[in-house]
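Engineer: What would the 3D arrangement of this be:
(chains A and B)
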Amino acid sequence: MRRSGITSFILWVCLTILTLLPVWWMLVVSMRPRVKLYSKSVLIDDLYWDNFLAVLNSSTFLQYLWNSMVVATSNAALVCALGLLAAFGLSRFKISGGDNVFFWLITNRMAPPAVFLLPLFLLFTKWFVFGDFMLFDTKIGLILLYCVFNLPFAIWLLKGMLDGIPLELDEAARVDGATTGQVLSHVILPLARPGLAVTFILTWIFAWNEYLFAATLTSSAGARTVTTALAEYVSVTGTNWGEMAAMAFLTTLPALVVLGFVQKHIVTGLTFGALKG
Amino acid sequence: MRQSNIGWLFLAPATLILFVVGFLPFIYILYVGFFDWNTNAVDPTLRWAGLQNYRSLVFDTTFLNSLARTLVFAFFVVISELLLGYILARALMADRLWGRQFFRTIHTLPIVVAPIAVGATWRLLCVPGFGIVPYYLKLWFGIDYNISTNAYHAFGTAIIMDLWHWTPFVTLSLMAGLTALPKEPLEQAQIDGGNKLQIFWYVIVPMLKPVLLTTVFIRLMDALRSVDEIWMLTKGGPAEATRFIGLHIWINVFPKTDYGYGAAMSLLTLYVTIVLSWLLFVAMTGRKGGAQ
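Structural biologist: Residues are numbered from 1 along each chain as shown, chains lettered A, B, ... in the order given. Predicted coordinates for the structure are as follows:
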């Protein structure tokens, strides 16, 4: 066992280097002044922040950053609230055809986005138009749309957690005269709080990372998100690598920050708990 | 457990939203696919076309090539990630390991990075004249590596990028699956004198099947629909070497505003995706026939 421990340790170290190399290179490039950009050294030679400052001084990028914050946060909050209600319904009530509904809800996550771009684009520009307001090119549109992949995920994750809360607690509260709403708010909610936190963080990241819908269903600075900023930047300026790397790094930053907190749940979450990780 | 009506009340908001953003688009695209509809054409209205869109689609070589390319890509990616992931999972499963949690966290990193940033990062690594990959390949091995002119290099890079992005996921999920396996059947098989290959094939694989199935399924779905990374890395080029089906739909339908044809394209892609996942399901569970 000892020998295999050492082999495994060495393997882990090599893999870690391979995993970190691209991200490291991005950081290195983002900290290089233009004159040194074509140096092939993989070390950070000095702390040069102008690329980051240039990106953060652009008002468009700040606007995009703000949009991403608003969209990701609102979507995660919405999805957590609706997900908790749905999970409560599925976990605590006998619903006729409940299993089928659950299955249908979950399959929404598997839909290939490229396939649904066209109908969503048409619906957003031609159908969901109320007077002067149309869902196309609005933050609200994106917030609602991101439910298509985040809501099934939240329902699945929260249902698993609610199933783990003993039914006896509900019964005890009911004996004491609690209504269904009170059971949800005074028994389930406090116990589900850690689960809700994980769900919130993960759905927030998924919403933050999304590109294809944002790129297709928004067109102005009022609604576009950081991922689209990064893509636009690449097509507009081509070779300003330092700033592009800085922008890519800023896009990745939230994920890096929360990684430690939710690391255990990511694989379980992505496989819909088919495996207990 | 209570009566059903109140349960529906809790389920209603989520169902409503998913109906609007998940189900309605599907019905709508099914409908549009039967029409000739181009908002920039002389006649921008919907005209009934029957199956004409689908008929032209079957002879559209760009579309079919792109579909085939996607399947090849998905095949390579899923197979190599599964093999690599399994080998790594076995190798990395030492009982006591210093800094295990730290390594796992680092290994989870690629999974949460935005695909668009993954593409940007790999572009920084691989772009000719700037990235370190072409530079050191030339310097150390004398290889002329150029993703913007050589189709094979671009395709290979797309595969390697996907391996970087998703092998950790396969490794971690297989590790979770392997850890959860009961020990007795393995010990029993060893006592009965099974060799390593036999134990792997007759004991581990059948027990690991649910995990393998889920992992392959998720990876296949994701590989078939990957767009963002490729778009950032190569923009689908050189020529059409890395233009996968999602990208093909995306860069064709919107500039051309040929909605009826785009709808047919999307639906056929969805159909292929569903058929593939069903075939996979049948193959892996050994279940024959249609619905259970």
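Engineer: Please name the residues that touch residue 50.
Structural biologist: No chain in the question, so chain A it is. By C-beta atoms under 8 Å, 6 or more residues apart in numbering or on different chains, A:D50 lies in contact with A:P33. In this view, the C-beta of every residue, glycine as well, is placed from N, C-alpha and C.
Engineer: my question was about chain B
Structural biologist: Counting by C-beta under 8 Å, 6+ apart, B:G50 touches B:F34.
Engineer: Give me the phi and psi for it.
Structural biologist: phi 60, psi -130 (degrees, to the nearest 10).
Engineer: B:S56 versus that one, what's the distance?
Structural biologist: 12 Å (C-beta to C-beta, to the nearest Å).
Engineer: before we move on, what about B:G22?
Structural biologist: 28 Å.
Engineer: Neighbour count for those two, which is higher?
Structural biologist: Set B:G22 next to B:S56 and count neighbours by other C-beta atoms under 10 Å in any protein chain shown: B:G22 wins out with 24 against 13.
Engineer: looking only at pLDDT, what's the mean for stretch A:55-69?
Structural biologist: Per-region confidence: stretch A:55-69 scores 90 on mean pLDDT.
Engineer: Just the buried residues of it, please?
Structural biologist: Under the neighbour-count criterion of 16 or more other C-beta atoms under 10 Å in any protein chain shown, stretch A:55-69 has A:55, A:58, A:61, A:63-65, A:67-68 buried.
Engineer: which residue is nearest the middle of chain B?
Structural biologist: Against the mean C-alpha coordinate of chain B, by C-alpha atoms, centre = their mean, the closest residue is B:A223 at 1.7 Å.
Engineer: which stretch of helix or strand covers it?
Structural biologist: helix B:205-224 (DSSP states H and E).
Engineer: State the mean pLDDT of that helix.
Structural biologist: Rounded mean pLDDT across helix B:205-224 is 86.
Engineer: Could you do stretch B:230-237 as well?
Structural biologist: Per-region confidence: stretch B:230-237 scores 85 on mean pLDDT.
Engineer: Same question for stretch A:7-22.
Structural biologist: 86.
Engineer: and that stretch, how far from the chain's centre?
Structural biologist: 26 Å (C-alpha atoms, centre = their mean, to the nearest Å).
Engineer: what residues are up against B:A14?
Structural biologist: A:82-83, A:85-86, A:105, A:151, A:155.
Engineer: And for it, nearest residue in space, chain neighbours not counted?
Structural biologist: A:A86 (3.9 Å; C-beta to C-beta, 6 or more residues apart in numbering or on different chains).
Engineer: got a list of what B:L30 touches?
Structural biologist: So B:L30 contacts B:263, B:267 (C-beta under 8 Å, 6+ apart).
Engineer: Measure how buried A:L53 is and give me the count.
Structural biologist: 12.
Engineer: And it, how far from chain B?
Structural biologist: 19 Å (C-beta to the nearest C-beta, to the nearest Å).
Engineer: What are the buried residues along stretch A:129-145?
Structural biologist: The neighbour-count check on stretch A:129-145 (16+ other C-beta under 10 Å) flags A:135-139, A:141-145 as buried.
Engineer: which of those residues come close to chain B?
Structural biologist: When contact is defined as C-beta under 8 Å from any C-beta of the partner chain, these meet chain B at A:144-145.
Engineer: Same list (the buried residues of stretch A:129-145) but as a markdown table, adding pLDDT.
Structural biologist: Output for the buried residues of stretch A:129-145, formatted as a markdown table (pLDDT from 0 to 100):
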| residue | pLDDT |
| --- | --- |
| A:L135 | 84 |
| A:F136 | 88 |
| A:D137 | 87 |
| A:T138 | 87 |
| A:K139 | 89 |
| A:G141 | 90 |
| A:L142 | 91 |
| A:I143 | 93 |
| A:L144 | 91 |
| A:L145 | 90 |
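Engineer: any idea of the mean pLDDT for the helix or strand harbouring A:F102?
Structural biologist: Under the criterion of DSSP H and E, A:F102 resides in helix A:98-107. Averaging pLDDT along helix A:98-107 yields 81.
Engineer: what element comes up after that helix heading to the C-terminus?
Structural biologist: In the C-terminal direction from helix A:98-107 (assignment by DSSP H and E), the next one is helix A:113-122.
Engineer: about what we covered before: looking at the buried residues of stretch A:55-69, point me to the pair that's furthest apart.
Structural biologist: Farthest-apart pair in the buried residues of stretch A:55-69 is A:V55 and A:N67; separation 15.5 Å (C-beta to C-beta).
Engineer: What's the local residue count around A:E243?
Structural biologist: A:E243 has 21 nearby residues by other C-beta under 10 Å.
Engineer: dump the residue contacts of it.
Structural biologist: With C-beta under 8 Å, 6+ apart, A:E243 has these contacts: A:30, A:51, A:54-55, A:233, A:237.
Engineer: Grab the nearest non-local neighbour of the residue nearest the centre of chain A.
Structural biologist: Closest residue to the average C-alpha location of chain A: A:F206 at 1.7 Å, with C-alpha atoms, centre = their mean. Of all residues not flanking A:F206 in the chain, A:N150 sits nearest, at 5.8 Å (C-beta to C-beta, 6+ apart).
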